[in-house]
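Take a look and give me a structure for this.
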Amino acid sequence: MDTTLPNELSTLRELVSQLQGALSAAQIENKLLRQKLELFLKRHFGGGKNESLDSKQLELLLAGLAAASTPSPANTKPVPTPTRPATARPVRQALPAHLETERVVLEPEEVQQQPAGWRKLGEEVTEELDWKPAKFIKRLYIRPKYANAERIVIAPLPARLIEKGLPGAALMAQVMTGKYEDHQPLYRQEKIYERLGVKLPRQTLSGWVDVAADWLSPIYREMKAGLLAGSYLQADETPIRYLDPDVKGKSQQGWLWTYRHPHGDVVFEWNISRSREGPRQFLKDFKGKLQTDGYGVYESLARERNGGLILIGCWAHARRGFHEALGEGRAAAWLVGQIGQLYAVEKALRERRAGPALRATLRAWQSRPVLVRLRRALEIIRRRVLPKSLLGQAIDYTLSRWEALSRYVDDGQLEIDNNLVENAIRPTALGKKNFLFIGHPEAGQRSAVIYSVLGSCRRLGINPAEYLQDLFERLPKATTSQIKSLTPAAWLKARPKTARASA
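Below you'll find the predicted structure:
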């Protein structure tokens, strides 16, 4: 009997099976690559970053997913889905009372021609907001000399930021605010000042910025000491380019590390590396809770400190992964909805202006059952998805940091996420889009000093130009013991209430 044909058929079947397996693997790989490409395009070329889901959209996506969840505990009331308020028509805000007012009286032509016989009934007033361009002034310090039979006397010059230098305190404040608050590079400021009739080369302005940063350094050190004396910090980092004179032809990448307390100052620190040595040195005297994203440097420091540093997770980072995986099916949408319930609790707490005790109580009552349900669902769904899919990666990220992500429930002082420190970073991102890079590695820390002072002003609602002008007038004659009273928080506290209200 000829066995050639059966053997060939067996070989063909084996080959078909292998090809089907290869095709299946290629299809899975193609799907994952498409998801990654879509995510890249969404991140870098547009697309909204709103990670919330409309309630009707969520109900549609979650149809049939009930098996992945378990019923809520009987004693837990569901958190109501927040509704979007109806869009209100814009209302013109009243103009500030402190504005210089210019009165223009428009008399009727008939009254001007024949004033007699007219009786004034009243008047109508129409407001107009206008602008007078900024102007430079030249200040002359005139010091008469006197002599008597014994000696010659002359009054000393007041203490100034730059001895024998040109800028006054208000001009220095304007340059600093323009660059670091309004994100105007010095070459643009140079052109603005030239239109106002004064030539100030950018090299001159750059020198003034360096001097100002040196004067602000004691304020920065005082803010840093106060921050590290607490027991709760939030941390994040952002890249920023710089020019190294030893590396010709291209810029290098450095990092601004950001530390803040939700109700305290924000402090930046510059480093040319993203290694753990930067935060290791900054946090060496800090003991307490550190809230971060999932960057491994922080986890390494926590292991090294052996209980001296307790990590708190960030639910915004965890949620982002599930939001990016929404295209993979209903499970991701359900998980985003569960995380949304955690945020609904936080929104209700903010609206009630809840203190730490009430925050801890309501979280234990409303948020903890959601966390229990969420973890159980994550463990079930994890077995059904590919580990390298967007949803699989989001689940692994969340489960591997579950303990850190859950700690906020037990402590009413803690936030649910790291968004406050990310908000503090945003002005640096706007700045680097305008001036592209830091001109020298040593300028990185000077920028960190300035961003720290101005970032704390922003958080406290302080007019940065007003604060800097007052600071630059007082610092040249201040003593070391007076520095504590000049930090943004202390400066605001010392001001009269009426002045605070107008700030």
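
For whichever strand or helix holds residue 259, what is the distance to the chain centroid?
Applying DSSP states H and E as the criterion places residue 259 in strand 252-260. Here strand 252-260 shows a centroid-to-chain-centroid distance of 13 Å under the convention CA atoms, centre = their mean, to the nearest Å.

Then stretch 177-184?
16 Å.

cool, stretch 346-364 as well?
In terms of CA atoms, centre = their mean, the centre of stretch 346-364 is found 23 Å from the chain centre.

Mind listing what's buried along that stretch?
346, 349, 354, 359-360, 362-363 (16 or more other CB atoms under 10 Å). Using the backbone N, CA and C atoms, a C-beta is placed for each residue, glycine as well.

Could you pull up the mean pLDDT of that stretch?
Summarised as a single mean, pLDDT over stretch 346-364 is 94.

and residue 416, how many neighbours?
24 (other CB atoms under 10 Å).

still on that earlier bit, tell me the two of the buried residues of stretch 346-364 that are most distant?
Farthest apart among those by CB to CB are 346 and 360. That separation is 12.6 Å.

about what we covered before: for the record, mean pLDDT for the strand holding residue 259?
In this model, strand 252-260 has a mean pLDDT of 87.

next one: stretch 296-308
88.

Could you export it as CSV, CA atoms only?
Presented in CSV, the C-alpha positions along stretch 296-308 are these (Å, rounded to 0.1, in the frame of the first residue of the first chain):
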residue,chain,number,x,y,z
GLY,A,296,10.9,53.2,40.1
VAL,A,297,13.3,55.7,41.7
TYR,A,298,10.8,56.5,44.4
GLU,A,299,10.1,52.8,45.1
SER,A,300,13.8,52.1,45.3
LEU,A,301,14.3,54.9,47.9
ALA,A,302,11.4,53.6,49.9
ARG,A,303,13.0,50.2,50.1
GLU,A,304,16.3,51.7,51.0
ARG,A,305,14.8,53.8,53.8
ASN,A,306,13.1,50.7,55.3
GLY,A,307,9.9,52.3,56.6
GLY,A,308,11.3,55.9,56.9
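
just checking, what packs against the strand ranked longest in the chain?
Across the chain, the strand with the greatest residue count (assigned by DSSP state E) is strand 232-242. Other elements packing on strand 232-242 under the criterion 3 or more CB pairs under 8 Å, 6 or more residues apart in numbering; DSSP states H and E are strand 252-260, strand 288-291, helix 419-435, helix 441-460.

want to try TSV for these, with mean neighbour count as columns?
Listed next are the helices and strands packed on strand 232-242 as TSV, based on neighbours: other CB atoms under 10 Å:
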stretch	mean neighbour count
strand 252-260	21
strand 288-291	21
helix 419-435	17
helix 441-460	22
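
And the residue nearest the centre of this structure?
Centroid check for the chain by CA atoms, centre = their mean gives residue 423 as the closest residue, at 1.7 Å.

what about the nearest residue to residue 374 once chain neighbours are set aside, how many residues close to it?
Leaving aside its chain neighbours, residue 374 sits nearest to residue 338 (4.7 Å; criterion: CB to CB, 6 or more residues apart in numbering). Residue 338 is flanked by 18 other residues according to other CB under 10 Å.

who's in contact with residue 338?
Residues near residue 338 by CB atoms under 8 Å, 6 or more residues apart in numbering: 69, 370, 373-374, 377.
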